[in-house]
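1. the following block contains a protein sequence and its predicted model.
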Amino acid sequence: MCGITGWVSFHRDLSAEHPVLDAMTETMACRGPDAAGTWLQPHAAFGHRRLAVIDIKGGVQPMMISTAAGPVGLTYSGEAYNFTELREELRGRGHGFRTHSDTEVVLRGYLEWGEELVDKLMGMYAFAVWDGRAKRLILVRDRLGIKPLYYYPTADGVLFGSEPKAILVNSLARRAVDANGLRELLFWGKTPGHAVWSGMREVRPGAMVIVDRAGLREHTYWRLTALEHTDDLPTTVTRVRDLLEDIVRRQLVADVPRCVLLSGGLDSSTMTAIAAAQLREQGEQVRTFSVDFVGQTGNFTPDSLRVAHDTPFAHDVVQHVGSVHQDIVLEVATLADPEVRRATVTARDLPVALGDMDNSLYLLFKAIREHSTVALSGESADELFGGYQWFHDPRVQQAEIFPWLAGAMDTPVLPGHAPLSMLNPELASTLDVSGYIHDRYADAVAEAPVLVAEDEHETRMRRICFLHLTHFVPVLLDRKDRMSMAVGLEVRVPYCDHRLVEYVFNAPWSMKTFDGREKSLLRAATADLLPRSVIERTKNGYPSTNDPKYLTALQYQVEDRLADATSPLTNLISRQWLEEAARLDPLQIPLYIRNGLELALDLATWLDIHRPQLHLT
């Protein structure tokens, strides 16, 4: 896992642009704390920050191969989980290898297959190839968009990077956000290709962007398609289990310490149990980590997203599989520390308003990094197998809106389900966030695949699954990537293996709920691996502190922001709303008000860090 960046210009000589390229590369030092490298050609310049995971000594980047027609260079982030098979295939085609890294496999794979290489890769990746033979750049992103990749077209080429900050440090990029960018920022979802920053784009999942003297063009090499599912239920359950076993085995490959993120839910517990069994065969013991909050054990209060305290379930799994376990228990003062918020907003490049959920994830990863370099996570199982409550709500199933927003159909919401009413009234009128969400929903539905033979209910449920995988999963993957890479931790997401996604996506909804519960296929496929308490457990959301002292800290920080007459925050957020929210009794603050306070503080921090030009008319 690494950070990549670069600059292609067809009208200038980039060979002497070391200072600029070094600055672009240095912005991602946290993504790659082990090494840095640059490679400059007259019309192409690549930067790389390395987190060494496979072939610690050999996989140095950027990597280049000389050919008679010109050099071919690669800057690469991610993991190709089938690199050993591809390497053997390439050897059979006459290729020799200097290293044991997957990076060299990808580079030589490009030499052999060109753009068709992407059809052979299995994994999470974002990379750039400069083909000096054809004087062209190819930017590639994995099928599900696990690894980020942004680009910024210029008058004579393009800038690119794993994160916007790598691009924004170049003077050719404007540090600006227009009205559409702010609308996207305030939309609790992620529109494929959008990057919020004016002029910037994100390579869509399953796509490549090709840049040459003729211009820039995008090609989609993978998308979800609707196919008839011909396997019966027992075969489907067996196939899911077989896929999970193979996926975890591949994703445990690393030359550094590994672990599993364990919440005690079905998804992460499954990963833990499979990893424990496979590592046991190698004479190893799986290591697990969980997050908790001081005082939560005795004072847990259920809410709409969390019906039970995670820790007891996680401990059941630990005892069941025999993992080496550590609870990372966080204090309110640390969660509410403005410097921690600044770190998470810096990592995100955007204000996302998850507050203590982002802060705790960042602190969890920071603690894990002291012991492990690679972690497996249960991210995206709910979206794939139908785990959220709203999947099973007839009202949501019929709603013409993104399903995760359907619970607030009568009250349009902002990130984290903060109230739309908190926006500055003039700005709210200008942006029309509700209208923007409606338009994005219509666009998304138009892209949803349809199987003609399905009945109306199956078609609607397929659409809901599609919306989650294409517009909600990217939010979660971006969060996981930014918080983990901010501390140099590689997090792998087995449930995003495209083979599993394709197979489960096409299993009918009736099969995904055959036992009358959520995630029926996953539960059936793994029932023999887990303690009964976890098998029978209801879906729980990511943990959040319910200590009122945390809310009091938020209110104090909002008051400090209001006291700063130079802050541009009130150009975006209603001063009256903030003043009223800051005066409420912390014990009586509803969740949507709390989310609004988080959004306000994230916005204020983002404005401090980036000083963006806001063009909102």
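-> That came through fine. Numbering: from 1, shown residues only.

2. what comes up buried for the strand ranked longest in the chain?
-> Secondary structure assigned by DSSP state E gives strand 70-80 as the longest strand of the chain. Buried residues in strand 70-80, counting neighbours by 16 or more other CB atoms under 10 Å, are found at V72, G73, L74, T75, Y76, S77, G78, E79, A80. Heads up, the C-betas are built off the backbone N, CA and C, glycines and all.

3. just give me the closest of the residues you listed to I328.
-> Distance to I328, by CB to CB, is smallest for E79 among the buried residues of strand 70-80, at 24.7 Å.

4. so that closest one sits against R492, correct?
-> Yes - counting by CB atoms under 8 Å, E79 touches R492, with 7.0 Å between them.

5. quickly list what's touching both of those two.
-> Common contacts of E79 and R492, defined by CB atoms under 8 Å, 6 or more residues apart in numbering, comprise M124, Q251.

6. give me the low-pLDDT residue ranges for this structure?
-> Low-confidence segments of the chain (pLDDT under 70): 1, 407-416.

7. quickly list the domain ranges of it.
-> 2-220, 233-535 (automatic domain parsing).

8. export the ones you listed as TSV, with columns for distance to L607.
-> Below are the domains of the chain laid out as TSV (distance: least, CB to CB, whole Å):
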stretch	distance to L607
domain 2-220	10
domain 233-535	8
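
9. quick check: T297 vs T545, distance?
-> 12 Å (CB to CB, to the nearest Å).

10. ok, those two, which is more surrounded?
-> T545 (24 against 13; other CB atoms under 10 Å).

11. find the nearest non-adjacent residue to the more buried one, please.
-> In this structure, T545 finds its nearest non-sequential neighbour in F293, 4.5 Å apart by CB to CB, 6 or more residues apart in numbering.

12. got the contact list for the one you found?
-> Counting by CB under 8 Å, 6+ apart, F293 has contacts V329, L330, E331, V332, L335, S360, P543, T545, D547.

13. list phi and psi for the first one.
-> So that's V329. phi -100, psi 120 (degrees, to the nearest 10).

14. count the residues that sit near the closest residue to it other than its chain neighbours.
-> Excluding its sequence neighbours, the residue lying closest to V329 (CB to CB, 6+ apart) is D292, at 4.9 Å. Residues contacting D292 under the criterion other CB under 10 Å number 20.

15. now do I274
-> There are 24 residues near I274, going by other CB under 10 Å.

16. ok, now G92?
-> That count, for G92 with other CB under 10 Å as the rule, works out to 8.

17. again, but for G596
-> Residues lying near G596 (other CB under 10 Å) number 31.

18. just checking, I210 touches L137?
-> Yes - shown here, I210 and L137 form a contact pair, counting by CB under 8 Å, at 7.2 Å.

19. and these two? Which one has more around it.
-> Neighbour count, other CB under 10 Å: between I210 and L137, L137 has more, with 25 against 19.

20. how far out from the middle of the chain is the strand or helix carrying that one?
-> For L137, the host element (DSSP states H and E) is strand 136-141. Distance of strand 136-141 from its chain centroid, counting by CA atoms, centre = their mean, to the nearest Å, is 20 Å.

21. the following helix or strand past it to strand 136-141, inter-axis angle?
-> The helix or strand immediately downstream of strand 136-141 is strand 150-154, counting by DSSP H and E. If you take axes from the mean of the first three to the mean of the last three CA atoms, to 10 degrees, strand 150-154 sits at 150 degrees to strand 136-141.

22. and L614, which of the three is it?
-> Recorded secondary structure, L614: strand (DSSP: H, G, I helix; E, B strand; the rest coil).

23. surely the residue nearest to V329 is in a helix?
-> No - assessed with three-state DSSP, D292 is strand; it does not lie in a helix.

24. hang on, it packs against F313?
-> No - using CB under 8 Å, D292 is not in contact with F313, being 11.7 Å away.

25. does P403 touch L467 like I think?
-> Yes - using CB under 8 Å, P403 is in contact with L467, at 6.3 Å.

26. list phi and psi for R499.
-> phi -70, psi -40.

27. what is the neighbour count of it?
-> R499 - counted by other CB under 10 Å - has 13 other residues nearby.

28. contacting residues around it?
-> Here R499 is in contact with M122, L243, I247 (CB under 8 Å, 6+ apart).

29. with secondary structure and neighbour count as added columns, please give those in CSV.
-> What follows is the contacts of R499, written out as CSV (DSSP: H, G, I helix; E, B strand; the rest coil; neighbours: other CB atoms under 10 Å):
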residue, secondary structure, neighbour count
M122, coil, 19
L243, helix, 18
I247, helix, 23
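
30. would you turn these into TSV with distance to D102?
-> Listed next are the contacts of R499 as TSV, based on distance: CB to CB, whole Å:
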residue	distance to D102
M122	11
L243	21
I247	16
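
31. circling back: of the domains of the chain, which is nearest W577?
-> domain 233-535 (4.6 Å).

32. that closest one: end-to-end distance?
-> Domain 233-535 has an end-to-end distance of 19 Å (CA to CA, to the nearest Å).

33. next: stretch 509-529.
-> 24 Å.

34. mind listing what's buried in that stretch?
-> For stretch 509-529, burial by neighbour count (16+ other CB under 10 Å) applies to 509, 511-514, 518-526, 529.

35. which of the residues you listed sit farthest apart?
-> W509 and L529 (24.7 Å).

36. tell me the contacts of T552?
-> T552 neighbours (CB under 8 Å, 6+ apart): P586.

37. now it: how far from L591?
-> 16 Å.

38. could you do L601 as well?
-> From L601 to L591 the distance is 16 Å (CB to CB).

39. these two: who's more crowded?
-> Shown here are L601 and L591; by other CB under 10 Å, L601 has more neighbours (24 against 14).

40. the more buried one - nearest residue in space that isn't next to it in sequence?
-> Excluding the flanking residues, the one nearest L601 by CB to CB, 6+ apart is Q557, at 5.7 Å.

41. the one you found is in contact with P338, isn't it?
-> Yes - shown here, Q557 and P338 form a contact pair, counting by CB under 8 Å, at 6.4 Å.

42. the two: who's more crowded?
-> Neighbours were counted for Q557 and for P338 using other CB under 10 Å; Q557 has more, 19 against 14.

43. list the contacts of the more buried one.
-> A336, P338, L601.

44. which residues of the stretch 401-550 of the chain fall in helices?
-> 425-431, 433-447, 456-467, 473-485, 498-506, 509-512, 520-526, 532-535, 548-563 (DSSP state H, counting those that start in this stretch).

45. ok, which of the ones you listed comes nearest S9?
-> S9 lies closest to helix 473-485 among the helices of the stretch 401-550 of the chain, at 27.4 Å (CB to CB).

46. which elements pack onto that closest one?
-> Judged by 3 or more CB pairs under 8 Å, 6 or more residues apart in numbering; DSSP states H and E, helix 473-485 is in contact with helix 338-348, helix 356-368, strand 490-492.

47. repeat the analysis, applying 10 Å as the threshold.
-> strand 123-131, helix 338-348, helix 356-368, helix 381-385, strand 490-492 (3 or more CB pairs under 10 Å, 6 or more residues apart in numbering; DSSP states H and E).

48. can you give me the angle the longest strand of the chain makes with strand 136-141?
-> 0 degrees.

49. one step back: hey, what's in contact with both of P403 and L467?
-> Applying CB atoms under 10 Å, 6 or more residues apart in numbering, one finds that P403 and L467 are jointly contacted by Y441.

50. E116 falls within a helix, correct?
-> Yes - the assignment for E116 is a helix, going by three-state DSSP.
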